[in-house]
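> predicted model follows, preceded by the sequence.
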Amino acid sequence: MPSTLRSHRLRRIIGAYTVNRLGTWFGFVALSLAVFDHTHSALAVAGLLIAGQALPAFAAPALAARVEASSRHGVLSGLYIFEGVVTTVLAVLLWHFWLPAILILAALDGTAALAASALLRAETARAAREQAEVEWDGAREKEFETFAQAAERQANATLNIAFSATFMLGPAIAGVVVAAAGAPAALFIDAASFLICGAMLLDLSPHAEDAADATVLERLRAAWEYVNEVPLLRALLLAEAIALVFFNSADPIEIAYAKVTLHAGDRGFGLLLGVWGVGVVIGSFVFARSPKRGLGAMLTSGTLAMGLAYIGFAAAGSLALACVAAVVGGLGNGVEWASVISLVQRLTPPALHGRLMSAVESIGALSLALGLGLGGALVALSSPRTAFLTVGIGATAMTFVFLALVLRGLDRFVAASLEATAMEAAPTQLDESVSHGLVSLLQATVPASIPTREHLKSDVISAVKYDRTS
């Protein structure tokens, strides 16, 4: 196993991510409570969630592509500084409350947040690979890609642990701060977290080498075309989007379930959330310590665990049994999300990581908006138990969709891509007669305007990497 946390750069990235996520909870809790207190309307809070999380999903990929096109250091930090400034203005605006302005600022902040999170994910993978290169002893060159992949998986799992830790602590601390000092104070803390995060990442440059002569629209089109050219990746993203709708549907059900169904009150609700977070931490450790398990298989098992947890909520007759189900669900949550991130990274060339990560973040944001609506409707039309049973059946059904992807060769495709990446890193290992024959065939059958022999050879190697059957 590689020890990715030996990397000072990776530790800073994870530290900045943790600070940012903790501060984000302060902003989320403060804004939600402030909007409700001023408007006494659940629709206004829903509007805040849509403005801050759903609408940014449409603009974040373009912003991420624009940031990647810049070769200057500090551009990523600029996104966090922008968030800090916007959050400060939101804090001031709460003293002169005006909902339309708050919604507009929330949308701007959310767009920057999604783009920054996606780029930070891509930088995490890059830093993990660079650390793997430092630690690799070079004894068996063919196994380097396996070693580097393990490093990326470990880094993704560490981010999951950081997220779950802030999930357990952030809302509780934020609630205390808002109650004691007011919503503006919590927002000022959130703004400070953005500035700290930006300062920690000043030397980070998410620049993509292929961005020099391409417009943002061209780069987005290239990412879209790549997704369409890799059916397994397209199917994975679509299936994950549907699964996330079911996963996020649980959020509005949990409060009514804890307080009305289990009669556990606010403390019971907090306990369920905390226990779920503990499960996420355990799942993240399981993922990090399982470098040889297929990512598709882990994605399937994680989804199944979450589906069974929701069904367990529906059947649980006490808070203790519900907590057992929450541990199982949290464990599956930690494995499932880290598996998705790693799969997308493995199925995507490094030059497209930033754009594909922004697509994943946007899918998550849109699925959250749809899930909140579905969960709220289920509770309104039935009961918390029935709602959890419906969500659990839906999530469990997605297990079979992911299993179908595995049976179609998802893990084999990832393994083949890994081997081809190693081949690309050492192209002399290609059979020279085969490569020369393919190049000669291409030169004989395509127009003279096609690039030189060496460029064609590079294209052949790329084709082998992304389609082993060719």
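Thanks, I have it. Numbering: from 1, shown residues only.

> go ahead and confirm residue 69 touches residue 219.
Yes. Using CB atoms under 8 Å, residue 69 makes contact with residue 219 at a distance of 7.1 Å. Every C-beta, even on glycine, is put in place using the N, C-alpha and C of the backbone.

> neighbour-wise, which of those two wins?
residue 219 (24 against 19; other CB atoms under 10 Å).

> so that one is in which element?
If you go by DSSP states H and E, residue 219 is part of helix 216-229.

> over to residue 90?
helix 75-93.

> residue contacts, residue 203?
By CB atoms under 8 Å, 6 or more residues apart in numbering, the residues touching residue 203 are 73, 74.

> and what of residue 273?
With CB under 8 Å, 6+ apart, residue 273 has these contacts: 167, 168, 171, 254.

> rebuild those residues as a markdown table, extending it with secondary structure and distance to residue 285.
Formatted as a markdown table, these follow (DSSP: H, G, I helix; E, B strand; the rest coil; distance: CB to CB, whole Å):
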| residue | secondary structure | distance to residue 285 |
| --- | --- | --- |
| 167 | helix | 16 |
| 168 | helix | 15 |
| 171 | helix | 23 |
| 254 | helix | 24 |
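
> show me the two of those that sit farthest apart.
Largest separation among the contacts of residue 273 by CB to CB: 168 and 254, giving 14.6 Å.

> so for the helix holding residue 90, mean pLDDT?
The pLDDT scores in helix 75-93 average 91.

> low-scoring stretches of the stretch 201-350 of the chain, by residue?
Within the stretch 201-350 of the chain, the stretches with pLDDT under 70 are 206-216, 266.

> the helices in it, which residues?
Using DSSP state H, counting those that start in this stretch, the helices found in the stretch 201-350 of the chain span residues 216-229, 231-256, 265-288, 295-315, 319-346.

> right, and those helices - which one's nearest residue 365?
helix 231-256 (9.6 Å).

> output the contacting helices and strands for the closest one.
When contacts are defined as 3 or more CB pairs under 8 Å, 6 or more residues apart in numbering; DSSP states H and E, helix 231-256 sits against helix 216-229, helix 265-288, helix 295-315, helix 319-346, helix 353-381, helix 384-407, helix 410-425.

> what residues sit buried inside the longest one?
Read that as helix 353-381. 353-376, 378-379 (16 or more other CB atoms under 10 Å).

> now do that helix against helix 319-346, angle only.
150 degrees (axes from the mean of the first three to the mean of the last three CA atoms, to 10 degrees).

> repeat for the third one
Orientation note: helix 295-315 sits at an angle of 160 degrees relative to helix 319-346 (the same axes, to 10 degrees).

> mind giving me the packing neighbours of helix 295-315?
Other helices and strands packing on helix 295-315, by 3+ CB pairs under 8 Å, 6+ apart, are helix 231-256, helix 319-346, helix 384-407, helix 410-425.

> go on, the first one?
The helices and strands touching helix 216-229, judged by 3+ CB pairs under 8 Å, 6+ apart, are helix 56-68, helix 231-256, helix 353-381.

> by contact count, what packs against the longest one?
I take that to be helix 353-381. helix 42-49, helix 56-68, helix 99-135, helix 216-229, helix 231-256, helix 319-346, helix 384-407.

> residues touching the residue sitting nearest the centre point of the chain, list them.
The geometric centre of the chain, computed from its C-alpha atoms, lies nearest to residue 361 (CA atoms, centre = their mean), at 5.3 Å. Residues near residue 361 by CB under 8 Å, 6+ apart: 57, 60, 114, 115, 117, 118, 121.

> among these, who's most crowded?
In terms of neighbour count, residue 115 stands highest of these at 29 neighbours, by other CB under 10 Å.

> okay, that residue: pLDDT?
As summarised for this prediction, residue 115 has a pLDDT of 86.

> before we move on, the earlier item: relative to residue 91, which of the helices and strands packed on helix 231-256 is closest?
helix 353-381 (23.1 Å).

> now do the residue nearest to the centre of the chain against residue 347, distance only.
17 Å (CB to CB, to the nearest Å).

> before we move on, back to that, format the helices of the stretch 201-350 of the chain as a markdown table; extra columns: distance to residue 161.
Shown next, in a markdown table, are the helices of the stretch 201-350 of the chain (distance: least, CB to CB, whole Å):
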| stretch | distance to residue 161 |
| --- | --- |
| helix 216-229 | 29 |
| helix 231-256 | 19 |
| helix 265-288 | 4 |
| helix 295-315 | 15 |
| helix 319-346 | 8 |
